[in-house]
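> pasting the structure only:
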């Protein structure tokens, strides 16, 4: 058995002095470390902003679709997607007839708050992925001009479904925490680069890049 005096020495925290701790303090105080800390905090802030905007959109969407379901449950529960085109939500589904598509679009766009929240989601995503906001030059997330293409990239219902799949069993406190990753993936899949192949130049999706949001989530 260890005596009380010896035990207290073993359990006591190490002195806040000496080579190791002084080195840690110097590293934390370095400009490079401070830049990394600011960048990391900025990424977390962007994740939270996207998560909250997606949550607000999803809650509003749920209320709108419940009202629509009373009239046309067959259409509301059909397999389609939603995309923002300027100031309107549009339906993505080639299998729907014209009248059904128009009814869905007019119903969704009739709720201007839903449209506003959809715009907020895309604006937050574009803001987070804007290359000009980050001083990292390692080739991560070079989404040049993303603010001009974000509406084309984001598919809301697919994003919500994928986010829920990723967070199944996480509980309410982590709801929508992966939304930033999901939206970034949609943008990534809609980003193209030119590659030389066999003497020709081909256009292909640029999927071989690191994610900005592959960090520990604290939502």
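Received, thanks. Computed from a prediction, not measured in an experiment: that's the story for all the values here. Numbering: from 1, shown residues only.

> can you pull out the helices in the chain?
With helices called from DSSP state H, the chain shows them at 4-11, 19-29, 31-71, 73-76, 98-109, 112-129, 146-153, 156-166, 179-189.

> which residues touch residue 78?
Contacts for residue 78 were tallied using C-beta atoms under 8 Å, 6 or more residues apart in numbering; they are 93, 96, 100. All C-beta spots, glycine's among them, are computed from the backbone N, C-alpha and C.

> before we move on, the earlier item: how about the helices of the chain in JSON lines, adding distance to residue 211 and mean neighbour count?
Shown next, in JSON lines, are these (distance: least, C-beta to C-beta, whole Å; neighbours: other C-beta atoms under 10 Å):
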{"stretch": "helix 4-11", "distance to residue 211": "41", "mean neighbour count": "9"}
{"stretch": "helix 19-29", "distance to residue 211": "26", "mean neighbour count": "10"}
{"stretch": "helix 31-71", "distance to residue 211": "10", "mean neighbour count": "15"}
{"stretch": "helix 73-76", "distance to residue 211": "33", "mean neighbour count": "14"}
{"stretch": "helix 98-109", "distance to residue 211": "30", "mean neighbour count": "15"}
{"stretch": "helix 112-129", "distance to residue 211": "10", "mean neighbour count": "20"}
{"stretch": "helix 146-153", "distance to residue 211": "14", "mean neighbour count": "17"}
{"stretch": "helix 156-166", "distance to residue 211": "13", "mean neighbour count": "18"}
{"stretch": "helix 179-189", "distance to residue 211": "6", "mean neighbour count": "22"}
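
> what sits closest to residue 92 if chain neighbours are left out?
Counting by C-beta to C-beta, 6 or more residues apart in numbering, residue 92 lies nearest to residue 81, which is 4.1 Å off, once chain neighbours are set aside.

> give me the neighbour count for that neighbour.
Residues lying near residue 81 (other C-beta atoms under 10 Å) number 15.

> swap in residue 178?
Applying other C-beta under 10 Å, we find 25 residues neighbouring residue 178.

> and it, how far from residue 184?
10 Å (C-beta to C-beta, to the nearest Å).

> same thing with residue 74?
Going from residue 74 to residue 184 by C-beta to C-beta gives 34 Å.

> these two touch, right, residue 158 and residue 79?
No: using C-beta atoms under 8 Å as the test, residue 158 is too far from residue 79 to be in contact (10.6 Å).
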